[in-house]
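Participant: Fold the stuff below for me.
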Amino acid sequence: MKPFLIEGLKFDFRIYVLVTCANPLKIFIYKDGLARFATEPYRKPCRENRNNLFMHLTNYSINKHSKKYIYNNEDPLLNNNHVAHKRSMKAIFKYLSNQEHNTKQLWERIKDIIIKTMCVVQPYISHNYKTCQP
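Facilitator: I've put the predicted structure just below:
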């Protein structure tokens, strides 16, 4: 009901996890990923805005069609990486840290969710891929 917003926009993280073995489970979590932003400022869903995908969804495939979409250009002369609608997780963590959020605790919670999720799917992965079994 009350999503955490950055600059009034909904966002999500895309975090990359490499599974090198299913049995025993071995995973590596990449310490950087992407933050993807909606292109319209968030307002609580109502009849007038419930179909505004640019407000409620963070998918790149949707938001790239918005007139407000700002591409992340790596050229430092353009200096738009802090406003782009796709940013590095490191940039967002720096922003959150500057806002006095506990980013170390956030990262630990993210890792915990990833590990628990992988533990839940481990039997399925092990059964289907038969990887690393003796």
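Participant: need the longest helix for this protein.
Facilitator: Ranked by residue count under DSSP state H, the longest helix found in the chain is helix 103-129.
Participant: Can you name every helix or strand that it contacts?
Facilitator: If contacts are counted by 3 or more C-beta pairs under 8 Å, 6 or more residues apart in numbering; DSSP states H and E, helix 103-129 sits against strand 17-22, strand 25-29, helix 89-98. In this view, the C-beta of every residue, glycine as well, is placed from N, C-alpha and C.
Participant: That helix to strand 25-29, inter-axis angle?
Facilitator: 140 degrees (axes from the mean of the first three to the mean of the last three C-alpha atoms, to 10 degrees).
Participant: now helix 103-129: how far from the chain's centre is it?
Facilitator: Centroid separation for helix 103-129 versus its chain: 15 Å, with C-alpha atoms, centre = their mean, to the nearest Å.
Participant: Identify each buried residue in that helix, please.
Facilitator: T103, M118, Q122, I125, S126 (16 or more other C-beta atoms under 10 Å).
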